[in-house]
Each structure stands twice: as C-alpha cells, then as structure tokens.
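>>> Okay, sequence plus prediction incoming.
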Amino acid sequence: MSAAVQRFFGSDLWWSFTRSPITMVSAIVAAICILGALFAPVIAPHNPFDLASLNLSDAFKPPAWHEDGAREYALGTDDQGRDVLSAIMYGARVSLLVGLSATAFATLLGVSLGLLAGYLGGAVDGLLMRICDVQLTFPSILVALLVDGVVRAALPREAHDQIALFVVIFAIGISEWPKFARTVRGSTLVERNKEYVQAARVIGVPRLRIMVSHVLPNVLGPVLVVATLNLGLAILAEATLSFLGVGVPPTQPSLGTLIRIGNDFLFSGEWWITIFPGVALIAMVLSVNLLGDWLRDALNPKLR
Amino acid sequence: MRKLLMAAALAVGLGAGMAPWDADARSVRWAASGDPNTMDPHSQNVGTVTMVLQQIYDPLIQRTQELGLAPGLATRWEQVEPNRWRFWLRHGVKFHEGQAFGAEDVVFSITRAQQPTSNYAIYVDTIERTERVEPLVVDIVTRVPDPILPNKIASVFIMSRGWSEQHNATRPQNTRAREEMYTTRNTNGTGAFRLQSREPDVRTVMARNTDWWGWAEPASRESNITEIVYRPISSDATRIAALLSGEVDFVLDPPLQDLNRLRAAPNIKVTEGPEVRTIFLAMDVHRDELLYSDVRGRNPLKDLRVRQALYHAIDIQAIHRTTMRGQSVVTGTFFPSQVNGYSAEEDVRLPYDQARARALLTEAGYPNGFEITLDCPNNRYINDEQICQAVVAMWARVGVRARLNAMPLAPFFAKIQRDDTSVYLLGWGVPTLDALYSFQSLVRSRDGGQGNGIWNYGRYSNARMDQLIDIMTNQSGEARNAAIREALRIYREDVPHIPLHHQMIPWAMRSNFTIPHMANNQPYFRWARMN
C-alpha cells in the first residue's frame, strides 16, 4: 500500500498537480463541496427536511452579517424559514448524486457500445455511429427534456415523485453517452491493430475476452478525462431540468430547485435565497471542470 | 434576383403595416399565473375560467362596477308570480358567428347549465323549467319562490342553441372524465370581445366585437380596447419582469413580495382592495378509511377533536405576516363581511395553541400523529403553494406528517372533483354576494339536488345544517337571517373546514392603462382604457 502511495507521489500526475495552483485551488473547492454534501446530515446546522423544526416567523432572514440577520442562519433563510446554508448542503447531495449516477450510466453505456463498434466494425459500427451522429445533432438538454416528458406522460402522476430521481438520471445519462462511445471507438480502432491484440486473436482468445481484458484497459485513459468533464455538465443539466421544474421532486430539492424557488424573490430584495445556491453550483461545476481540464493535459503526452 | 429583392421589400412593407405602433390598435397584453382549463361556459365555475369567458359571453343580467345588477341580454325582469320570473330580452343582438339571439337560446343555455355535467348548477338550482313566451320574452319557473334568482342568473352565460347543436355541444364538457369537446377550445358568445385564437397554456387572443350592444352604455363609451392578448406566466419573477419591461400591460395577480417595488417603479401603478374570496382547508369527513394516509381502517378526520387539533396547530398570524405580507384578512368563517348573512360574532377562530392541538390528538387516539396528504393548487390563489408549505410545517410540529401535493389548477380541480382527496386547499368567492351560495355549495349534503354540495368534496353532512340551508332557499326575512346565523354557528363548531383568510387582491398595470378594480377579481376590459 505504502509503495503505491509512494509511486503516486512520485508520478508525473502528482508533479503536474503541484505545479498548477489553479488545479490545487479547484481540488480544494471540489473537496469542500463533496465533503460538505457527503456529511451534510452530520455537519449542517439545521435539517431542512425536518418540517417540525421550521418556524415561519424565521422566514426571509437575511445572511448573518446583515444587520437584521441572525447568527443561527449564516446565509439567511428562505420563504418557509429554512436555513439556506443547510438547504445548499442537502441540495448539493442530490446534485452530486444525480451527476455521478448519470455520468456512471453514460460511461457504462458509451464505453460498451463504443468498444463494440470499434472492435467489431462493419455494420455494427455503422449503425451505432449513425445513432451517435443523429443524437449529437440535438442539444443534450433537449434529449433529456424529451426523455423526461415521455416518461412522465407514460407513468401515472402518483408514481412521479418516487421515480423522479431515476428518470432524471436516466434522461441525463442517455443524452450524454455518444461522447463516450465516440472516444472509446476511436481508441479501440487504434488498439485493435496492435500486436498484442493480434497475438491474442491468433492464440484463439474469444472476442469478448479480448475486448474486455485486453482492449478496454488501454482505452480507459481518455474516458477518465471525458467522464470528469462530463460530471460538471451532468450537474448543470440536472440543475437546468430542476430549474425548469421537471427535475427532482420539490421534496428533495437540488441546487437547481433551490435556485428556481429563490428566483421568485430575486427582484423583491431577498436575493440570498437564490444567489447562494447559484454560487455553490458555480463553484462545484467550475472546480470539477478545471480538474477535468488539468487531467486531460496531464495525461496527454503531447502537451507535456 | 430582382424578384427576390421585390419579395423582400414587400415583406418589409407588410411587416411595417402590421406593426404594433399602428395608431388605432389598442391592444392590451394581460398576464396572470394560471390558464383557463376550458372555454366551455358551463363546465367549470372557476375564476380563472370566467375571467376570460366573461369577456366573450354575456349573461342575462350583468354586474356593475360595484357588483350591483344591471341589464345585460335582458333589458328588464320581474317576479310576475311567486314562482315565476319574467325576462324581457334585448332586440337585435347577434352572436359572434352571426346567429340572431332569441328566447330559445336562453331556454337552451339555462337548461344546459342544469345538466349533470354542469358545474354551474348552483346558479340554477331552484329552476324547474324555462319557457319561451314570445320571441324575446322568457319565463323562468322556480320550484320554490326564489328572491335571489337575478343574482344567480347574473353568472349564467348565454350561448347559441343552433351553434351548440351543430357542434354537438348541447351539454357541458365533463372535465371530471377529462373529456374534450368542441366547446373546450371554441366559443360563440354575444359579448364585447370574440375569441380570435387560443393555444392552451400559451396565448389566448380576443378581438373587439364592434357590434356589441353595450359599447354605447356610459361605462363602456370611453373604452378603446381593440384586442386582448392573454398569456399565462406561472413564474412570479418572470411575470413581474414582463410587466416592468413593458412586455405586458396588466398583471392580475402580482406577487405580494414585489408590491413595494412595483409601487416605486415609474410607469407602473398598483390598485388594490379586498376580494370576496375566502381561503380555507377542507377535510374528507366521509370516507371510513382516509386516502393517502398511514391510518388503516378508520378516518381520523371524522373525529371532531382531530379537526380541531389541525385548526389549533395553525399560526395564522405568521401566515398573514410572512406568507401574505399583510395582504390578507384573517378569518374564522367562510365568507367576508360584504356578503349578506355575515356575522362578526361567528367570525371567531380557534386560537393558535400547539399544546392544545397535541392534547386533542392524544385524546383522539393519535399521540404520535398520523400521515396525510394535502392537495394544493400552485397557480390559482395568491401564494397558494407557500400557504400549503407553511401549513404542512405547522402540522408537523404537532406530529401530523403531511405530504404536500401541489399541482397546477387543471389537474388539481380534476382530482378534487373526483373526490380523490383527503385534505385540500380551496378559495371560495361569492359572486351572488349572498351566504346561501357558500352554504349550499360547500357544506350542504350532496343529495342529488341541483347545486347541493357541488363543491363539497370533503362530503360533510349534517342534517340540521341541511334543514337550515333549505330554509335559506325557501324563506325570506327574519326566518332566513336566523337560519344563516345558526348555520354559521354550526359551521364554527363542527369544523368541516379550517378557514384561513380572505384575500386582498392587488392588480398591477402600466400607468397608461386604466381598468376598474373589482371585488370579484374579474377584469372587465369593456370598461378599460389604454392611453
């Protein structure tokens, strides 16, 4: 174990990380966001889901540094007396959960199909890549809206709240997979003609086995980069859907939901209800994206 | 190439011709949060529907700016016998599609409003039959003497018999069964404006009916509106941004949090006043097992103590101060003082008392509370969803775990009208300005009688209450007043509803637009003016 740790700190990756202050700041911000979200039930000052703890007379309290603010509510309260800071921490949980799950789903689907297309080639390749082409002509948020709308129309209203989270994950995942498929297919086309693959083929290793245990490990590097960059996009897509009111149910507010609710009070002077969730969303997406950028550069030998 | 240039020039020319700065066109762009869920004149007795339909359809008797009665399609009316009202109809009126208006249209429309699929039965409940006496004279025969019939008839729109028969719309659309028919999207009235185009949830355009009989009346003579463009904008911030940027001229329901800012804004004015509308929570007191709850085999809401507990748990002052920003009149009864029959002695709330609420719940056998689902519209009343959120939190503090099911008005009304609810928030306006309207619709047993319990989706039923309501229907004078007082007392003691408040209704508009502020929250563009 310690050898592995030592190897990591001796690696090029770590070296390039220590040389980039922006990346280090992003990593710290991302870590704060992720830890804050992860441990929200432990460290959040209030539980915004515990209705019994809400008091309507605490509603619309400005942030603590404001003269009317209360120390108890660092970033103020919303129209129902919920603590904005706690709501952000719980909301970030939902945003991250949806972002990570949707990216994992898109990665799984995209990598499998890309591998198949690249290794098998021919008609399979043609069909899969044309589907990719068609889907890439639509903005991904449109695809997500379409999927979401169809699923909602097909299912009874009562079931919406229970499955809303899965619908959003599926909708975002399905709208992002072509990028992964494209990336993996490209790398697979290069790898399949290399000697180690040909050698495996000659000694009669089954095709599936070659794809999974020989080609796959060698095409995963670029996937990691695409996945990191995609995480930010998935979080944004979820926020957009929730802002439009078709995302996660209001009982589990994500950052997008919080921004939408607060938006009604933006013009009337209660700016903190929408601005702080917005800032949190920006911080989260920006730091993840900067990390993804750095990873792409660090893993690309041409850019060293 | 030259052809192309000419085509382009022509297009530009045409575009200029249609531009909005045309001097004579006085188009008013109007926004509110919700869209009417039908254009059928007898299917949904809901303010959001009538606010559009009353521009297009006329009743026999219309309301004045003070909510009094004035001649509409009938020029005069008289109770010729105790059970017979006679209406003399206006000459020379034509429907928008050209049909001449006559007695058979009135007979047809009133009979249509009596059909089982009608939601307007409350206005025609005492009517036995409608008779054509002469081409322009109609008699309405009532089962019992009905002194307030003209007040009710003022809410029944008149449509063309020939047109309705031609389009297979002789009975009102059944919204409960999610039915769609010709009248869902098409209209043919006699009113001041005609429906020009309708895209549900997007845009409804009405154009001035220059042939309208009423343009010569003093109140309408000054009106110069030629077109009404209605757009539902459900987001508060977007609706107000549209008003401030000049994209709309008139907002019927400006969000309360923005009133101060609107008052301070140049080119914007706010008119305000109380509305004859009460917001309350109604409970299912009929079923033996509550829907959407974790209580099995019994209905906690049937227990008076549970209803009282839910009532005691509500901090109405906090809702008044924070959610309504002071723009409400807190009440303990279900109609405001403008309505005939109001009694200040009965307008008393159960006090806000969490300890008492918990004690009552324990006494009733629910020391740990129970689960329940609150159905709530989110674009019908002022801050409706926020009120429901606040109520849910207040109930949670006494142990009742309520789940909030907030939805737009079309699915909301369809749901509660199927009795598919255990607790719901409703706002009730009283267009007749008489207590009977509220009693009969909201707390009368649903026994099949016309209009009885037609909005009583909690199915409250009390034999004495029914007797008193029948007295209100049949009798007048002191006997009637005594019946109303006693019924109000029973209402307060039985807690079929938890009353919350009467709405205050601010309207916001560009300062070059004038429209009389109406206590029924209905804009009448026939009296409006754009400078």
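In hand now; what should we look at? Only a predicted model underlies this, so the values are computations on that prediction, with no experimental measurement involved.

>>> Apart from its chain neighbours, what residue comes closest to the closest residue to chain A within the stretch 301-450 of chain B?
Going by CB to the nearest CB, chain A is nearest to B:Ala396 of the stretch 301-450 of chain B, at 3.5 Å. (C-beta placed from N, C-alpha, C; glycine too.) Leaving aside its chain neighbours, B:Ala396 sits nearest to A:Leu51 (3.5 Å; criterion: CB to CB, 6 or more residues apart in numbering or on different chains).

>>> from the middle of its chain, how far away would the longest helix belonging to chain A be?
Ranked by number of residues, the top helix in chain A under DSSP state H is helix A:84-120. Distance of helix A:84-120 from the chain centroid (CA atoms, centre = their mean, to the nearest Å) equals 5 Å.

>>> Tell me the residues on the stretch 201-304 of chain A that lie near chain B, please.
A:Pro250, A:Thr251, A:Asn263, A:Asp264, A:Phe265, A:Leu266, A:Phe267, A:Ser268, A:Gly269, A:Glu270 (CB under 8 Å from any CB of the partner chain).

>>> element containing the first one, please.
Per DSSP states H and E, A:Pro250 falls between elements, in no helix or strand.

>>> phi, psi of it?
For A:Pro250, the backbone dihedrals (degrees, to the nearest 10) come out as phi -60, psi -20.

>>> who does the top strand by length along chain B pair up with?
What stands out as the longest strand in chain B, according to DSSP state E, is strand B:274-283. Using DSSP bridges, strand B:274-283 pairs in its sheet with strand B:423-429 (antiparallel), strand B:497-504 (antiparallel).

>>> List every C-alpha atom in it, with coordinates, as CSV.
The C-alpha coordinates for strand B:274-283 follow below in CSV (Å, rounded to 0.1, in the frame of the first residue of the first chain):
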residue,chain,number,x,y,z
PRO,B,274,-60.4,43.2,-0.7
GLU,B,275,-61.7,40.3,-2.7
VAL,B,276,-64.9,38.5,-1.8
ARG,B,277,-63.0,35.2,-1.6
THR,B,278,-62.0,33.1,1.4
ILE,B,279,-59.2,30.6,1.5
PHE,B,280,-59.7,27.5,3.6
LEU,B,281,-58.7,23.9,4.0
ALA,B,282,-61.4,21.3,3.6
MET,B,283,-61.2,17.8,5.0
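
>>> Quick one: mean pLDDT for it?
Confidence over strand B:274-283 (mean pLDDT, whole number) is 95.

>>> what does stretch A:133-152 give?
Averaging pLDDT along stretch A:133-152 gives 84.

>>> Can you give me the buried ones in it?
Buried residues in stretch A:133-152, defined by neighbour count with 16 or more other CB atoms under 10 Å in any protein chain shown: A:Gln135, A:Ser140, A:Ile141, A:Val143, A:Ala144, A:Leu145, A:Val147, A:Asp148, A:Val151, A:Arg152.

>>> and which of these is nearest chain B?
Here the nearest of those to chain B, counting by CB to the nearest CB, is A:Arg152; it sits at 12.2 Å.

>>> What's the separation between B:Gly92 and B:Cys388?
Using CB to CB, to the nearest Å, B:Gly92 is found at 50 Å from B:Cys388.

>>> Between those two, point out the one with more neighbours.
Ranked by neighbour count (other CB atoms under 10 Å in any protein chain shown), B:Gly92 and B:Cys388 place B:Cys388 first, with 24 against 9.

>>> Quick check: bridge partners of the closest residue in space to the more buried one that isn't next to it in sequence?
Computed as CB to CB, 6+ apart, the closest residue to B:Cys388 that is not its neighbour in sequence is B:Cys376, at 3.7 Å. Beta-bridge partners of B:Cys376, counted by DSSP bridges, are B:Ala406.

>>> burial measure for B:Cys376, as a count.
If you count neighbours by other CB under 10 Å, B:Cys376 ends up with 25.
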